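1. using only what follows, build the 3D model:
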Amino acid sequence: FYFIAQGACAVLVDGKEVSTLKERGYFGELELLYRRARHCTVRAVSESVSCWVLDRQTYCLIMQGIFMRKREMYDDFLKN
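-> Down below sits the predicted model:
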């Protein structure tokens with residue numbers, strides 16, 4: 001999963017540009033969530049692009065923490 005911190009990228013499907021992603025844009029979420037094969041190409045169109053990268057293991061750890069906090073919140077609510 002990639003989050004664009006700076007710059008701009010073109011999204012290409014079958015060699016044709018279908019979208020442009022700018023700062024705060026992201027891509028790669030389908031592979032991260034569903035293990036789907038890549039179906040587009042993302043290419044830098046600005047002079048430089050900076051991205052944050054999140055791998056599947058880190059994503060799962062973050063989501064696990066979120067779910068655990070929610071569960072604790074619901075448990076506390078039901079006890080009171």
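
2. surely Ala8 meets Thr20?
-> Yes - counting by C-beta atoms under 8 Å, Ala8 touches Thr20, with 6.1 Å between them. Just so you know, the C-beta spots here come from the backbone N, C-alpha and C atoms, and that holds for glycine as well.

3. now do the shared contacts for these two.
-> Common contacts of Ala8 and Thr20 (C-beta atoms under 8 Å, 6 or more residues apart in numbering): Val45.

4. what sits up against the helix or strand where Arg69 lies?
-> Taking DSSP states H and E as the criterion, the element that holds Arg69 is helix 56-79. Helix 56-79 is contacted from outside by Phe1, Leu32, using C-beta under 8 Å, 6+ apart.

5. let's see that with 10 Å instead.
-> Phe1, Glu29, Glu31, Leu32, Leu33, Arg35, Leu54, Asp55 (C-beta atoms under 10 Å, 6 or more residues apart in numbering).
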